[in-house]
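[1] Next come a sequence and a model predicted from it.
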Amino acid sequence: MIKRDIYLDRIAPFIGKPVIKVITGIRRCGKSTFLKLLINELENKGTDPADILYINKDSLEFDFIRTYVDLHDFVTKNLKKNKSGNYLFVDEVQEIEQWEKAIAGFFADGIADIYITGSNADLLASDLATLLTGRYIEFKMNTLVFSEFLTFRNKSTTDRDDEFALFMKYGGFPGIHRMEFADEVIGQYINAIYSTILLKDVVSRNQVRDVALLERIALYIANNCGNVTTARTISNYIRSQKLTCSADTVQNYLLWLTNSFLSRRVSRFDIKGKRQLELYDKYFLGDVGFINAILGDKFQDISGKLENIVFLELITRGYKVRIGKYYEKEIDFIAVKGNKTMYIQVTYMLADEAVVEIEFGVLESVRDNHPKIVLSMDKHFGSERNGIKWYNLIDFLLTSDL
């Protein structure tokens, strides 16, 4: 197992502390392996394996745990009561009905240091989840970013260009690194993940009746990755195909797709008015590999794919990300972490002066002191223009302190 230090470093200060650790993220992003890494770390530091209980709801071995009562009974039978140093790990906890009751009870009784994972952004939004209010910390996990991709491939930065081409095509699901790197093999694997998420985390969880409509909306998002859109835009597109679909229905389906992490919604922020705008969001995919798996070679907007990669990089680094609106101009990303704010433009190539003017000009119009960056795939370009810095996009992905 390859360590994912980004997440290990974040969770380390909370190991053994009286707070529930909740790890959320898209299916197959590595949450189960991450739990096993944590268990290995505990055992290497002397924890008795008998004091560690691991429940994986994706395994048929634990299929009998279906309700919070089943969970309570199993845990209390298998962990010593009134003993400090117990650890409880529950993987894909949302598969257990009313799981919150059991987890809140375990926490109140101090039965173990608790770690749970879930594949739904709505995991802690139910009425029952209020039982856990103030008792948990959420750690959001994503598929591999490019630096991790190189590590999993055992490649150095000297191979970066060829490897980045593969990363753009295949994406960051850790499981692909156990397979032959061939289009047909990886494509089938990612399509299987896509279908599982769509059917298990969206259709089944939300009792979707019109699966064909859901698939059309997911396809639209993939085809318009990184483009500003609305529920009404999608509704009008579907109606143009002689199908019935209201904007409200689209809005519900979009919410369910984002809750499953299959897509990621990014809202717009009016820089001048200092307020969040309710309309015209951007949608990205939970992994860039979905684009090729769903659309094949039909997707032509390489800038949209690069935006998707940069977006996932930023949120993995812990930034909160929004789209910037400044008068009638748009900034690809406003990235905020603590007291740090960055404005970022992403483009494929700064091919001519007109493109340079567009990408740099919009950032130059914002009169504040926050860092402003243009990212492109150009090999060489002037380091800055009027205080706006340029970076090669791959350099940005491989430089952790930017």
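    Thanks, I have it.
[2] any idea whether residue 17 is helix, strand or coil?
    Under DSSP: H, G, I helix; E, B strand; the rest coil, the three-state class of residue 17 is coil.
[3] What about it, how many residues nearby?
    9 (other C-beta atoms under 10 Å). Every C-beta, even on glycine, is put in place using the N, C-alpha and C of the backbone.
[4] what sits against it?
    Residues near residue 17 by C-beta atoms under 8 Å, 6 or more residues apart in numbering: residue 113.
[5] Stretch 211-218: how far from the chain's middle?
    In terms of C-alpha atoms, centre = their mean, to the nearest Å, the centre of stretch 211-218 is set 21 Å apart from its chain centre.
[6] what do you get for stretch 336-348?
    For stretch 336-348, the distance to the chain centre is 18 Å (C-alpha atoms, centre = their mean).
[7] List the buried residues for that stretch?
    336, 341, 342, 343, 344, 345, 346, 347, 348 (16 or more other C-beta atoms under 10 Å).
[8] Looking at these, which are in strands?
    336, 341, 342, 343, 344, 345, 346 (DSSP state E).
[9] Without its sequence neighbours, what residue ends up closest to the residue nearest in space to the middle of the chain?
    Centroid-nearest residue in the chain, with C-alpha atoms, centre = their mean: residue 142, separated by 4.1 Å. Using C-beta to C-beta, 6 or more residues apart in numbering and skipping the chain neighbours, the partner closest in space to residue 142 is residue 316 (4.9 Å).
[10] Tell me which residues touch the one you found, please.
    Contacts of residue 316 (C-beta under 8 Å, 6+ apart): 6, 142, 145.
[11] just residue 280 next, same as before
    Contacts of residue 280 (C-beta under 8 Å, 6+ apart): 228, 229, 230, 268.
[12] With distance to residue 396 and pLDDT as added columns, please give the ones in strands among the buried residues of stretch 336-348 in a markdown table.
    A markdown table is the format used below for those (distance: C-beta to C-beta, whole Å; pLDDT from 0 to 100):
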| residue | distance to residue 396 | pLDDT |
| --- | --- | --- |
| 336 | 17 | 96 |
| 341 | 16 | 96 |
| 342 | 11 | 96 |
| 343 | 14 | 97 |
| 344 | 9 | 98 |
| 345 | 12 | 97 |
| 346 | 9 | 97 |
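[13] Dump those residues into a markdown table; add distance to residue 49 as well.
    A markdown table is the format used below for these (distance: C-beta to C-beta, whole Å):
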| residue | distance to residue 49 |
| --- | --- |
| 336 | 42 |
| 341 | 46 |
| 342 | 45 |
| 343 | 50 |
| 344 | 46 |
| 345 | 51 |
| 346 | 47 |
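[14] between those residues, which is closest to residue 244?
    residue 346 (36.5 Å; C-beta to C-beta).
[15] Pretty sure residue 333 is one of the things the closest one touches, is it not?
    Yes. Between residue 346 and residue 333 there is a contact at 7.4 Å, judged by C-beta atoms under 8 Å.
[16] before we move on, the earlier item: can you tell me which of the contacts of residue 316 are in helices?
    Residues of the contacts of residue 316 located in helices (DSSP state H): residue 6.
[17] Same list (the contacts of residue 316) but as CSV, adding distance to residue 209 and pLDDT.
    CSV is the format used below for the contacts of residue 316 (distance: C-beta to C-beta, whole Å; pLDDT from 0 to 100):
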residue, distance to residue 209, pLDDT
6, 39, 95
142, 31, 98
145, 37, 98
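[18] Give me the distance from stretch 153-166 to the chain's centre.
    Using C-alpha atoms, centre = their mean, the offset of stretch 153-166 from its chain centre is 22 Å.
[19] And the helices in the stretch 51-200 of the chain, which stretches?
    Ranges of helices within the stretch 51-200 of the chain are 68-78, 99-109, 146-153, 160-170, 183-196, based on DSSP state H, counting those that start in this stretch.
[20] Adding mean neighbour count, mean pLDDT and distance to residue 274, write those helices out as CSV.
    Below are these laid out as CSV (neighbours: other C-beta atoms under 10 Å; pLDDT from 0 to 100; distance: least, C-beta to C-beta, whole Å):
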stretch, mean neighbour count, mean pLDDT, distance to residue 274
helix 68-78, 16, 97, 44
helix 99-109, 19, 95, 37
helix 146-153, 18, 97, 33
helix 160-170, 17, 96, 35
helix 183-196, 16, 95, 38
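[21] For residue 284, see how far away residue 162 is.
    25 Å (C-beta to C-beta, to the nearest Å).
[22] likewise residue 154?
    28 Å.
[23] for residue 202, same thing?
    Counting by C-beta to C-beta - residue 202 and residue 284 are separated by 17 Å.
[24] got it, and residue 362?
    20 Å.
[25] I'd guessed residue 87 sits against residue 49; true?
    No. Taking contacts as C-beta under 8 Å, residue 87 lies outside contact range of residue 49: 9.9 Å.
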